[in-house]
Structures are given as C-alpha cells and as structure tokens.
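> fold the following.
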Amino acid sequence: MTTNYTYHGRHRAVSHTHTRRNIALVGASTAALAGLGAAPAMANPLDDLRAQVTDGALDAHDSALEQSGQVPEEFRDVYEQGVTDLTNAVAPGALDERAAARAAAEAAAAEQARQDAWNDTTNTPCPATAKACVDLDGRRAWLTDGGNTVYGPVYISSGAPGADTETPRGTFHVTYKVKDEVSHEFNDAPMPNSVYFTWSGHAFHQGNPNVDSAGCIHLGGSDSDAFFNQLHEGDEVFIY
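As a prediction, this is how the structure comes out:
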C-alpha cells in the first residue's frame with residue numbers, strides 16, 4: 001500500500017502535529033517502498049517513488065524551518081533539530097546530498113564568473129594603439145587591432161620576482177623577431193618564435209606558461225606561433 005503525500009502547510013501557522021504528520025506520511029511511503037521487494041524490471045518506478053519520498057521529506061523540512069520563527073525562542077533550537085532529525089530518519093542522506101549539490105553548483109558558478117572575467121579584455125588599461133597587451137597579474141596576454149581583441153587572451157608566465165628577472169611594465173615596441181632563437185645566457189636553451197620588445201633581451205617566445213621566466217613572456221606553442229606571425233617590428237606592446 002502506498003500513501004500519497006501532499007503538502008498544504010507552507011502558509012499556515014506552525015503546528016508541531018502537522019509537521020510530524022507530514023514527515024510521518026513520507027515515512028509511511030518509505031516503509032511501503034521497503035516492503036515491495038520489486039524485481040529488477042520495477043527499478044525505474046521505484047526510483048521515481050524514492051525521489052518523490054525524498055522530495056516530500058525535503059519540502060516538509062524546508063516548510064517546517066520556514067515557520068520556526070513562530071516557535072518560542074527557548075524551544076527553537078530543539079524544534080529545528082527535531083525537524084532535521086525526522087527528515088534524516090525519513091530520507092537518510094538527502095539533506096547532505098542537497099547541501100553538497102548546492103555547494104558544487106555555487107563553486108561552478110563562481111569558477112564560471114572568474115573565467116568570464118579573465119576572458120573579458122574590455123575596460124583594461126591597454127590603449128587602442130597597442131598590438132599586444134599583457135596583464136602580468138592576471139597571467140594573460142592578447143593581440144589587438146584598433147582596440148579590438150583579435151587573439152586571446154591566452155595564459156602566460158612572466159619574469160620571476162626580483163630586480164633582475166621581473167618583466168618590465170610600460171609601453172614598448174617590437175624591436176626584432178627570431179624564429180629559431182636560442183638563449184646564449186642559459187646554455188643555448190631554445191626560445192622558438194621570439195618576438196623581442198626591448199633591447200635588453202625581453203621577448204615573447206614559446207615556453208612553459210606554468211614556469212616563471214627570467215623576464216620574458218612564456219607562451220604555449222600555438223600561441224607563440226600567433227604572436228610571432230601577427231606582430232611586426234615597430235608594433236606597440238603594452239604591459240601592465
């Protein structure tokens with residue numbers, strides 16, 4: 001036998017008996033469910049019934065807590081704990097699962113907001129005259145044309161902290177490019193797609209964006225190709 005549960009009390013004054021009855025009805029459905037002993041063919045209908053029981057228990061829980069303000073303050077904590085205990089008895093784990101799902105959704109929304117902000121290249125200090133913009137703190141760089149982003153932003157790394165290694169900030173211009181560059185300072189380490197923007201060795205080039213440089217801007221492989229191909233001598237580079 002299955003007892004249907006219907007909630008009517010969201011806008012009523014609080015009633016301990018009413019709350020117990022609602023959750024008890026959900027419990028009766030749970031008991032009926034346990035005695036069905038369904039064959040595998042009945043799995044989907046039973047899952048639906050379990051979901052209805054869980055939803056009913058959560059609705060009754062939420063409704064009861066919404067009305068807890070009408071309970072005398074000296075009994076409120078006991079009342080709220082009792083509501084939670086009854087819900088856990090009727091639908092074990094449902095409250096924890098809902099809390100975890102909400103936390104995951106909030107974390108996903110926060111990460112999406114962070115990613116959207118990272119991808120947004122409007123309202124930055126980068127001038128419309130620049131062809132390449134670098135946000136050192138945001139670890140990103142992009143190519144522009146007339147103030148419009150035409151490539152990126154892409155993830156980068158820059159110079160490690162220190163007077164001799166930090167990437168300089170300011171307005172620069174591409175000085176020259178070397179496709180298959182090597183670093184004579186660091187044992188001929190490869191620096192493919194080097195686009196120099198100072199005469200003191202600072203350049204965009206292919207490198208590990210997860211590793212700090214000695215002052216250059218590290219770009220991933222395909223990103224370094226794009227910067228090498230689209231930047232030309234004299235192009236403005238703005239770094240902030």
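
> let's verify the spatially most central residue of the chain: helix, strand, or coil?
Centroid-nearest residue in the chain: Glu111, 1.6 Å away (criterion: CA atoms, centre = their mean). What DSSP: H, G, I helix; E, B strand; the rest coil gives for Glu111 is helix.

> also Asp48?
helix.

> against Tyr176, how distant is it?
Separation of Asp48 from Tyr176 (CB to CB, to the nearest Å): 69 Å. No exception for glycine: its C-beta is placed from N, CA and C like everyone else's.

> span of stretch 144-152 from start to end?
Its first and final residues considered, stretch 144-152 spans 9 Å by CA to CA, to the nearest Å.

> quick one: contacts of it?
121, 126-128, 130-133, 140-143, 223, 226-227, 230 (CB atoms under 8 Å, 6 or more residues apart in numbering).

> if we go to 7 Å?
Contacts to stretch 144-152, defined as CB atoms under 7 Å, 6 or more residues apart in numbering, come from residues Thr121, Cys126, Ala128, Ala130, Lys131, Cys133, Ala141, Trp142, Leu143, Ala226, Gln230.

> mind putting the residues you listed in CSV, secondary structure and distance to Asn88 included?
Below are the contacts of stretch 144-152 laid out as CSV (DSSP: H, G, I helix; E, B strand; the rest coil; distance: CB to CB, whole Å):
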residue, secondary structure, distance to Asn88
Thr121, coil, 49
Cys126, coil, 55
Ala128, coil, 60
Ala130, coil, 59
Lys131, coil, 61
Cys133, strand, 54
Ala141, strand, 52
Trp142, strand, 51
Leu143, strand, 56
Ala226, helix, 56
Gln230, helix, 60
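
> out of those, which is most surrounded?
Neighbour count (other CB atoms under 10 Å) singles out Ala141 as the most crowded of the contacts of stretch 144-152, with 27 neighbours.

> bridge partners for it, pull those for me.
Note on Ala141: beta-bridge partners by DSSP bridges are Val134, Val154.

> check Ile239 too.
The partner residues for Ile239, given DSSP bridges, come to Val134, Gly170.

> pLDDT score for it?
pLDDT, Ile239: 98.

> ok, His11 next?
Value for His11, per-residue pLDDT: 39.

> what are the buried residues along the helix or strand hosting Thr87?
Assigned by DSSP states H and E, Thr87 falls within helix 73-90. The neighbour-count check on helix 73-90 (16 or more other CB atoms under 10 Å) flags Tyr79, Gly82, Val83, Leu86, Thr87, Val90 as buried.

> just give me the closest of the residues you listed to Val182.
Proximity of the buried residues of helix 73-90 to Val182 was ranked by CB to CB; the top entry is Thr87 with 67.2 Å.

> who's in contact with that closest one?
By CB under 7 Å, 6+ apart, the neighbours of Thr87 are Ile23, Ala57, His61, Ala94, Leu95.

> most neighbours among those, which one?
Busiest of these [other CB under 10 Å] is Ala57, holding 27 neighbours.

> which residues of the protein fall in strands?
132-135, 140-145, 148-155, 170-173, 176-183, 189-196, 203-206, 217-219, 236-239 (DSSP state E).

> turn the ones you listed into a markdown table, including distance to Ala100.
Formatted as a markdown table, the strands of the chain follow (distance: least, CB to CB, whole Å):
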| stretch | distance to Ala100 |
| --- | --- |
| strand 132-135 | 35 |
| strand 140-145 | 32 |
| strand 148-155 | 30 |
| strand 170-173 | 48 |
| strand 176-183 | 49 |
| strand 189-196 | 45 |
| strand 203-206 | 42 |
| strand 217-219 | 38 |
| strand 236-239 | 43 |
